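Novice: need a structure here:
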Amino acid sequence: MASIDAVLTKLDSNLDGALTRLFDLLAIPSISTDPAFAPDCERAAQWLSTELSSIGFTASVRPTAGRPMVVAHAKGTRRDVPHVLFYGHYDVQPVDPRALWTSDPFKAERVTTDVGDVIVARGASDDKGQLMTFVEACRAFSETGGLPCDVSILFEGEEETGSPSLPAFLAENKTELKADLALVCDTGMWDADTPSITTMLRGLVLEEVVIRGASRDLHSGMFGGAAVNPIHVLARIIADLQWSDGKITLPGFYEGVEELPDAVAEQWKALPFDESAFLGDVGLSQPVGEVDRSVLEKIWSRPTCDVNGISGGYEGKGSKTVLPAMASAKFSFRLVSKQNPAKIAEAFRAFVRARLPDDCTVEFLSHGSSPALQLPFSSEALNRARRALTQEWGKEPVLAGSGGSIPIVGSFKQDMKMDALMIGFALDDDRIHSPNEKYNLTSFSKGARSWARILNALAL
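Specialist: Model (predicted):
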């Protein structure tokens with residue numbers, strides 16, 4: 001196998017051809033949500049399978065109940081090397097509103113801007129440009145002697161519609177797809193010059209509470225002050241869920257919540273993050289929640305309880321003087337570290353029942369749950385990826401958290417017992433899901449170089 005320097009040189013010399021290939025893929029309108037574009041999703045899957053076959057992978061298009069998967073495998077040139085599974089998705093969002101695009105969404109353009117050249121097209125950043133950084137890294141290895149690791153690839157065609165076919169596909173093909181480590185390129189960088197590794201994803205508990213009182217809505221003039229009002233009951237429960245310092249009051253809520261390692265906490269403190277600007281962009285000025293935590297900690301590494309919707313009584317125009325017979329609310333708990341979703345749901349239900357007056361009943365509706373995911377900070381794969389990214393970008397990568405969830409990563413961990421390195425090169429201003437989506441040329445070129453360095457580092 002050639003040296004990493006030879007692979008990087010090959011990537012640089014391949015850049016024009018890589019852009020041509022990316023533009024060809026971007027030209028396929030693989031919109032997964034619209035059945036009219038199902039043939040285009042098939043075409044994109046076949047294009048990727050053919051491309052992977054051309055660089056030494058055994059690749060195939062696999063049918064599902066929805067859009068097809070692409071699965072490919074290639075062996076490394078060494079023995080006793082890690083086996084990695086790379087995941088990306090080839091489907092894209094609709095382009096509406098079309099009138100707001102400055103060019104054809106499926107005719108990629110290279111545009112020079114004040115921040116450098118960018119690639120403008122639907123899917124340029126989410127996720128075709130991202131997945132092609134990995135394909136081009138594999139191409140460069142193939143053309144200079146072979147891959148340093150055993151590599152499997154899974155490209156999905158329904159990520160933008162919630163991945164309905166993915167659970168069954170993973171269950172049916174678990175043995176074939178099992179690897180030592182998953183690699184996911186559907187995340188972003190801290191900024192245009194600073195790479196990032198997403199090391200934690202918050203979990204989720206979704207609960208709906210329905211409180212019922214009287215057998216019917218009551219006239220507030222005749223019954224007000226004597227009959228229980230379910231909205232009042234619900235409001236007290238909501239108010240009781242949080243202390244004045246922002247902490248959640250559920251007994252046992254913070255069991256399993258771990259503090260950040262000192263080095264990571266210090267890195268976050270040093271990041272150029274403007275809390276005022278972050279909130280100001282959405283018309284707010286004062287952080288809420290735990291008073292002793294920074295905004296980054298709150299959205300990346302701390303658990304939360306939020307009310308997502310309330311309903312009850314008269315909600316039409318004007319007024320109607322009733323005491324409602326029923327009130328309901330939807331709650332979401334974002335979980336971190338080792339919090340147990342089942343225990344959180346159980347504690348929440350007990351909390352509500354304990355505050356229920358004698359004349360009220362309660363119904364609980366679960367809308368799903370998932371545990372938080374965290375790549376151990378002591379992970380050797382993480383440390384090797386950090387060094388590889390530092391070599392390429394000249395900056396230590398940010399070990400970021402994510403306030404949301406990436407379902408495929410949860411499936412890898414829970415169903416296949418695989419940790420995932422989540423490394424992407426998208427930027428906050430890439431306008432994913434919006435008109436004029438773009439991907440910086442630097443993200444594409446240095447993204448491919450980054451994956452080459454990471455694969456090489458994992459095999460050393």
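Novice: I'd assumed Met418 was in contact with Glu178.
Specialist: No, residue 178 isn't Glu; it's Lys. Yes: contact status for Lys178 versus Met418: in contact at 7.2 Å, counting by C-beta atoms under 8 Å. Using the backbone N, CA and C atoms, a C-beta is placed for each residue, glycine as well.
Novice: now for the two: what residues contact both?
Specialist: Leu85 (C-beta atoms under 8 Å, 6 or more residues apart in numbering).
Novice: and the one helix or strand Leu154 maps to, average pLDDT?
Specialist: Using DSSP states H and E, Leu154 falls within strand 150-156. The pLDDT scores in strand 150-156 average 98.
Novice: what's the offset of it from the middle of its chain?
Specialist: On the basis of C-alpha atoms, centre = their mean, to the nearest Å, strand 150-156 sits 18 Å off its chain's mean C-alpha point.
Novice: ditto for stretch 76-84
Specialist: With C-alpha atoms, centre = their mean as the basis, stretch 76-84 stands 28 Å off its chain's centre.
Novice: so what's the residue nearest the centre of the chain up against?
Specialist: The residue lying closest to the centre of the chain (C-alpha atoms, centre = their mean) is Ile406, at 3.6 Å. With contact set as C-beta under 8 Å, 6+ apart, Ile406 has these partners: Val184, Asp186, Thr187, Leu201, Met422.
Novice: do you know how far it is from Val184?
Specialist: 7 Å (C-beta to C-beta, to the nearest Å).
Novice: ok, and what's touching stretch 279-291?
Specialist: Asp245, Gly246, Lys247, Glu275, Ser276, Val295, Glu297, Lys298, Arg302, Thr304.
Novice: mind listing what's buried in it?
Specialist: For stretch 279-291, the neighbour count (16 or more other C-beta atoms under 10 Å) marks Pro287, Gly289, Glu290 as buried.
Novice: straight-line length of that stretch, end to end?
Specialist: Taking C-alpha to C-alpha, to the nearest Å, stretch 279-291 runs 16 Å from one end to the other.
Novice: got it, and stretch 181-188?
Specialist: Its start and end residues considered, stretch 181-188 measures 19 Å (C-alpha to C-alpha).
Novice: need the contact partners of it.
Specialist: 82-89, 126-127, 130-131, 133-134, 159, 196, 198, 381, 402, 406, 408-409, 412, 416, 418-428, 430, 447, 451, 454, 458.
Novice: that one - what's its average pLDDT?
Specialist: For stretch 181-188, the mean confidence score works out to 96.
Novice: just how off-centre is it within its chain?
Specialist: On C-alpha atoms, centre = their mean, the centre of stretch 181-188 falls 9 Å from that of its chain.
Novice: can you check stretch 395-409 too?
Specialist: So, by C-alpha atoms, centre = their mean, the centroid of stretch 395-409 is 8 Å from its chain's centroid.
Novice: now swap in stretch 210-221 and tell me
Specialist: 42 Å.
Novice: using CSV, write out every CA atom in that stretch.
Specialist: Provided in CSV are the C-alpha atoms of stretch 210-221 (Å, rounded to 0.1, in the frame of the first residue of the first chain):
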residue,chain,number,x,y,z
VAL,A,210,-54.5,13.7,29.3
ILE,A,211,-56.2,14.9,32.5
ARG,A,212,-60.0,14.6,32.8
GLY,A,213,-62.3,16.1,35.4
ALA,A,214,-66.1,16.6,35.1
SER,A,215,-68.1,14.5,32.7
ARG,A,216,-68.6,17.5,30.4
ASP,A,217,-67.5,21.1,29.9
LEU,A,218,-69.2,23.3,32.6
HIS,A,219,-70.5,26.8,32.7
SER,A,220,-67.8,28.8,34.6
GLY,A,221,-70.4,31.1,36.1
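Novice: pLDDT weak spots in the stretch 201-350 of the chain?
Specialist: Scanning the stretch 201-350 of the chain for pLDDT under 70 picks out nothing.
Novice: what segments of it are strands?
Specialist: Along the stretch 201-350 of the chain, the stretches classed as strands by DSSP state E, counting those that start in this stretch are 203-212, 218-219, 304-312, 322-323, 326-335.
Novice: with the stretch 51-200 of the chain instead?
Specialist: 58-62, 69-74, 83-89, 109-113, 116-120, 150-156, 181-184, 196-201.
Novice: could the ones you listed be laid out in JSON lines, adding mean neighbour count and distance to Gly283?
Specialist: Shown next, in JSON lines, are these (neighbours: other C-beta atoms under 10 Å; distance: least, C-beta to C-beta, whole Å):
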{"stretch": "strand 58-62", "mean neighbour count": "16", "distance to Gly283": "46"}
{"stretch": "strand 69-74", "mean neighbour count": "22", "distance to Gly283": "42"}
{"stretch": "strand 83-89", "mean neighbour count": "24", "distance to Gly283": "33"}
{"stretch": "strand 109-113", "mean neighbour count": "12", "distance to Gly283": "28"}
{"stretch": "strand 116-120", "mean neighbour count": "20", "distance to Gly283": "29"}
{"stretch": "strand 150-156", "mean neighbour count": "24", "distance to Gly283": "36"}
{"stretch": "strand 181-184", "mean neighbour count": "23", "distance to Gly283": "33"}
{"stretch": "strand 196-201", "mean neighbour count": "23", "distance to Gly283": "27"}
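Novice: for Thr321, see how far away the most far-flung residue of the chain relative to its centre is.
Specialist: Distance from the C-alpha centroid of the chain, by C-alpha atoms, centre = their mean, peaks at Met222 (52.1 Å). According to C-beta to C-beta, Met222 stands 10 Å off from Thr321.
Novice: break the protein down into its structural domains.
Specialist: Under the assignment automatic domain parsing, the domains of the chain span 4-201+373-459, 203-257+303-370.
Novice: check the offset of the shortest one from the chain's centre.
Specialist: With C-alpha atoms, centre = their mean as the basis, the distance from the averaged C-alpha position of domain 203-257+303-370 to the chain average is 28 Å.
Novice: that older thread, now the strands of the stretch 201-350 of the chain in TSV, with mean neighbour count and distance to Trp393?
Specialist: Below are the strands of the stretch 201-350 of the chain laid out as TSV (neighbours: other C-beta under 10 Å; distance: least, C-beta to C-beta, whole Å):
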stretch	mean neighbour count	distance to Trp393
strand 203-212	21	30
strand 218-219	16	65
strand 304-312	15	32
strand 322-323	20	62
strand 326-335	20	30
